[in-house]
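Novice: Here's my sequence, what's the structure:
(chains A and B)
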Amino acid sequence: MRALLLPLSATSGVNGTALTVLIVLFLLVTVAGFLATRFKRAESLDSLEEWGLGGRKFGTVVTWFLLGGDLYTAYTFVAVPAAMFATGAVAGFFAVPYTIILYPIVFVFMARLWSVSHRHGYITTSDFIRGRYDSRPLSLAVAVTGFLATMPYIALQLVGIQAVLTVAGLGGSGSWLTKDLPLLIAFAVLAAYTYTSGLRAPAVIAFVKDILIYLVIIVAVIYLPHHVGGWSHVFSAAKAKMDATSATTGKPTGTFMSVSTTHWAYATLALGSAMALFMYPHSVTASLSSKSRNTIRRNAAILPAYSFLLGLLALLGWVAIAYGIDLKKDLGGNAQLVIPQLFESAFPAWFAGVAFAAIAIGALVPAAIMSIAAANTFSRNIYKEWLKPDATPQQEAKVSKIMSLVVKAFALVFVLTMDKQNAINFQLLGGIWILQIFPAVVFSLYTRWFHRWALLAGWAVAMVYGTVEAYKVISPTTGGHFGGSLALIPGIGQMGYIAMTAFVLNVAVAVVLTLVLNAVKVSNGADATSPGDYHADAGDPRVDADVRSHAAAQDPFADPEALA
Amino acid sequence: MTLGNQDPPTPPESPQSNGRTVRLVVAGILLAIPVVALMAVPTYSKTDPTLWGFPFFFWYQFLWVFLCAGFTYGAYRVTLSAGRKERDR
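Specialist: Now for the predicted structure:
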């Protein structure tokens, strides 16, 4: 089998055929993105509802593609196999249990969030907190956390595109123009069609993305293991590499599968990531754009199809080991290039182009949705709430559109000027931060027992704790700070996901302070929602009447009873 | 449904209301099973038995993709019927 292997070439030369296929497919989705305004056509895109939530009328199939395209980002496609390749199953394969237990969790609370949002015209979790507790500080904390956590996530999508371009022979070396121009063009195209078409653009492109990704993964999973001697050889090669002693750290290179000292890490990484994912503004945006609460629940049952795909993709990191790809020699020390490099080495050039396009287009969908969601959060919960309270819906939509450009430009500057490792570090911090709004958002969907100031205090303590703990993690290979997301769990003595430890601390502070504040009878604010709001569904006359009255009064924060 | 013809309006503590609670509990259990199973990492961190060259650790987690989809769909059907009961009341 070894004799079949082509010579590997990481950064040498342009792969003409692959590049041509990549460019053609990219142009195809660009046209689709601009034509997306015609998709489920609206009267005008001048309101935030239409531009930012696609008019809230996506059904099960569109929502499935949109959510799938949104949650499984290019970074996932690049980083999960890279983690498998570099340090093994605990760092990489936890993504599988993570994306499985994600859906029962989403099933439980997302329908309630959909209903209450639909009744009150909320488009962000921060809107909901504002209505639920009448608390501007807590609402601001949720908005700022969401906004900050999303920014590095957008930057990482560009890192994903860059990885593909580097392996295809563009970027990486040469002058500024040849190195950065392709990424600039990809970025400009993305910005332009998000600006004109709003959420409709990624919804249309998500179809192309998902079909390409499925095609590439299925072909890769059938074709590649066969060429390296079958799956049992893949696993034995991976085991040999993970058990071997690393020259830099003097410890085993990685983990072949979870062992007794890593069980806590594996479980907390999976659970913490699953609880965090739907706190990100982009996940909420994609969920709220569906047309009924059951669309979300049906999707919770069919979205795990992507988890299966992700598991196979993770294992491609080990196929690369069996294939003989070497971190230093073939990837220049950058493990993130492993999947693009495997595709280029093992596939015919034209199919490598298809695979590159799948990853690059895969980056565009989440980047577009993330920038829309971050922009909505800004215009709604920071601009209108704090800067210009009398903003009209047209002004709000205008600010959102401009902000979507600003956050993408910021991400681009971030990727081009700073070390890529910074983007990864901030993304890691973002994951720790975003989980800290979970108590305020999810617990409040069920109960108002928690006190608004207690929730704010729990959030603040956990944010500081999580940031400090993450800073203290020293990378064993580079010696820098923010070296990983695992730290000792106090009281248990095993390594665990910092976000989960911070979360437990968050809840503990919130519970204790709630007891104190309730005992001394500090006001917990007025509740704009009523119990029935959490079960309302589309087609229900109450919902439709409420939506109409809010539209007429142009006040999404008003009490529905008072409006009626 | 026309069961209201002979029955008076049902008070909150009616059998229907209990039935709804039972259904929501059943749905909750269905949703908890995959989470608990996958959190119990020691129960599946082993190599044998292998399947088509895959160590147990890996194929078992792949299996849960389908099991979880099944459990979640089950929970969806159960809550759907609970919601319908409530509206018909």
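Novice: Quick check: phi and psi at the residue in chain B that chain A sits nearest to.
Specialist: Of all residues in chain B, B:Gly53 sits closest to chain A, at 3.4 Å by Cβ to the nearest Cβ. C-betas here are computed from N, CA, C, even on glycine. Phi and psi for B:Gly53, reported as degrees, to the nearest 10, are phi 90, psi -10.
Novice: What is the neighbour count of it?
Specialist: 16 (other Cβ atoms under 10 Å in any protein chain shown).
Novice: Next: B:Phe54.
Specialist: 19.
Novice: out of everything not next to it in sequence, what's closest to it?
Specialist: Once flanking residues are discounted, B:Phe54 sits nearest to A:Trp231: 6.1 Å by Cβ to Cβ, 6 or more residues apart in numbering or on different chains.
Novice: likewise A:Val441?
Specialist: Nearest one to A:Val441, counting by Cβ to Cβ, 6+ apart, is A:Thr125 at 4.7 Å.
Novice: Do I have it right that A:Leu28 meets A:Phe207?
Specialist: No - in this structure A:Leu28 lies outside contact range of A:Phe207 using Cβ atoms under 8 Å: 11.6 Å.
Novice: Neighbour count for the two, which is higher?
Specialist: Between A:Leu28 and A:Phe207, counted using other Cβ under 10 Å, the more crowded position is A:Phe207 (17 against 14).
Novice: tell me the secondary structure for that one?
Specialist: Here A:Phe207 takes the helix state, with states given by DSSP: H, G, I helix; E, B strand; the rest coil.
Novice: Can you get me a residue count around the nearest residue to it once chain neighbours are set aside?
Specialist: Spatial nearest neighbour of A:Phe207, excluding adjacent residues (Cβ to Cβ, 6+ apart): A:Phe65 at 5.4 Å. When counting by other Cβ under 10 Å, one arrives at 22 neighbours for A:Phe65.
Novice: List the contacts of A:Phe65.
Specialist: A:Ala203, A:Ala206, A:Phe207, A:Asp210 (Cβ atoms under 8 Å, 6 or more residues apart in numbering or on different chains).
Novice: where does chain B come near chain A, residue by residue?
Specialist: With Cβ under 8 Å from any Cβ of the partner chain as the criterion, chain B comes near chain A at residues B:28, B:31-32, B:34-35, B:38-39, B:41-42, B:45, B:47, B:50, B:52-55, B:57-58, B:61-62, B:64-66, B:68-69, B:71-73, B:75-76, B:79-80, B:83.
Novice: can we see that at 7 Å?
Specialist: Taking Cβ under 7 Å from any Cβ of the partner chain, the part of chain B that reaches chain A is made up of B:31, B:34-35, B:38-39, B:41-42, B:45, B:52-55, B:57, B:61-62, B:64-65, B:68-69, B:72-73, B:75-76.
Novice: Could you check the pLDDT of the closest residue to A:Ser260 other than its chain neighbours?
Specialist: Nearest residue to A:Ser260, sequence neighbours excluded (Cβ to Cβ, 6+ apart): B:Pro42, at 7.3 Å. Looking at B:Pro42, its pLDDT reads 84.
Novice: With A:Val512 instead?
Specialist: At A:Val512, pLDDT is 92.
Novice: how much space between it and chain B?
Specialist: In this structure, A:Val512 and chain B are 26 Å apart, going by Cβ to the nearest Cβ, to the nearest Å.
Novice: Check which helix or strand residue 21 maps to.
Specialist: No chain specified, so I'll use chain A. If you go by DSSP states H and E, A:Val21 is part of helix A:16-35.
Novice: you looked at the wrong chain, it should be chain B
Specialist: Per DSSP H and E: helix B:15-39 holds B:Thr21.
Novice: And that helix, what's buried?
Specialist: Residues B:Gln16, B:Arg20, B:Arg23, B:Ala27, B:Leu30, B:Leu31, B:Ile33, B:Pro34, B:Val35, B:Ala37, B:Leu38, B:Met39 are the ones in helix B:15-39 that count as buried (16 or more other Cβ atoms under 10 Å in any protein chain shown).
Novice: what's the helix or strand for the residue lying closest to the last one once chain neighbours are set aside?
Specialist: To tie it back to what came earlier, the one meant is B:Met39. Leaving aside its chain neighbours, B:Met39 sits nearest to A:Ala267 (4.9 Å; criterion: Cβ to Cβ, 6+ apart). Assessed by DSSP H and E, A:Ala267 sits inside helix A:263-277.
Novice: what's the angle from that helix to helix B:15-39?
Specialist: Angle between the axes of helix A:263-277 and helix B:15-39 is 130 degrees (criterion: axes from the mean of the first three to the mean of the last three Cα atoms, to 10 degrees).
Novice: Let's test this: mean pLDDT of helix A:263-277, rounded?
Specialist: What helix A:263-277 shows for mean pLDDT is 87.
Novice: what's the answer for stretch A:82-92, then?
Specialist: 80.
Novice: Could you do stretch A:441-457 as well?
Specialist: 88.
Novice: wait, A:Phe450 sits on A:Phe443?
Specialist: Yes - between A:Phe450 and A:Phe443 there is a contact under Cβ atoms under 7 Å: 5.8 Å.
Novice: re the thing from before, so how far is the helix holding A:Ala267 off the chain centroid?
Specialist: Centroid separation between helix A:263-277 and its chain, computed with Cα atoms, centre = their mean, to the nearest Å, is 15 Å.
Novice: for stretch A:360-374, same thing?
Specialist: 9 Å.
Novice: ok, now stretch A:398-416?
Specialist: Counting by Cα atoms, centre = their mean, stretch A:398-416 comes out at 17 Å from the chain centroid.
Novice: okay, which residue is most central for chain B?
Specialist: Note on chain B: the residue nearest the mean C-alpha position is B:Leu30, at 2.5 Å, using Cα atoms, centre = their mean.
Novice: For it, list the residues it contacts.
Specialist: B:Phe71, B:Gly74, B:Ala75, B:Val78 (Cβ atoms under 7 Å, 6 or more residues apart in numbering or on different chains).
Novice: go again using 10 Å as the cut-off
Specialist: Listed by Cβ atoms under 10 Å, 6 or more residues apart in numbering or on different chains, the contact partners of B:Leu30 are A:104, A:107, B:68, B:70-79.
Novice: just the buried members of those?
Specialist: Among those, those classed as buried by 16+ other Cβ under 10 Å are A:Pro104, A:Phe107, B:Cys68, B:Phe71, B:Thr72, B:Tyr73, B:Gly74, B:Ala75, B:Tyr76, B:Val78, B:Thr79.
Novice: Quick check: the last one touching A:Phe107?
Specialist: Translated: B:Thr79. Yes - between B:Thr79 and A:Phe107 there is a contact under Cβ atoms under 10 Å: 8.6 Å.
Novice: any common contacting residues for these two?
Specialist: Common neighbours of B:Thr79 and A:Phe107 (criterion: Cβ under 10 Å, 6+ apart): A:Arg297, B:Ala27, B:Leu30, B:Leu31.
Novice: Any regions of chain B where pLDDT drops low?
Specialist: By pLDDT under 70, the low-scoring segments of chain B are B:1-18, B:82-89.
Novice: could you pull out the helices for the stretch 251-400 of chain A?
Specialist: For the stretch 251-400 of chain A, the helices defined by DSSP state H, counting those that start in this stretch cover A:263-277, A:281-288, A:293-302, A:304-323, A:327-331, A:338-346, A:349-378, A:393-417.
Novice: Summarise which helices and strands the first one is packed against.
Specialist: The elements that helix A:263-277 packs onto, with contact taken as 3 or more Cβ pairs under 10 Å, 6 or more residues apart in numbering or on different chains; DSSP states H and E, are helix A:89-92, helix A:95-120, helix A:420-434, helix A:438, strand A:486-488, strand A:495-497, helix A:498-519, helix B:15-39.
Novice: got CSV for those, with distance to A:Tyr153 too?
Specialist: CSV is the format used below for the helices and strands packed on helix A:263-277 (distance: least, Cβ to Cβ, whole Å):
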stretch, distance to A:Tyr153
helix A:89-92, 19
helix A:95-120, 15
helix A:420-434, 6
helix A:438, 17
strand A:486-488, 20
strand A:495-497, 17
helix A:498-519, 15
helix B:15-39, 25
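Novice: right, and the ones you listed - which one's nearest A:Ala191?
Specialist: For the helices and strands packed on helix A:263-277, the distance to A:Ala191 is smallest for helix A:420-434, at 18.5 Å, taking Cβ to Cβ.
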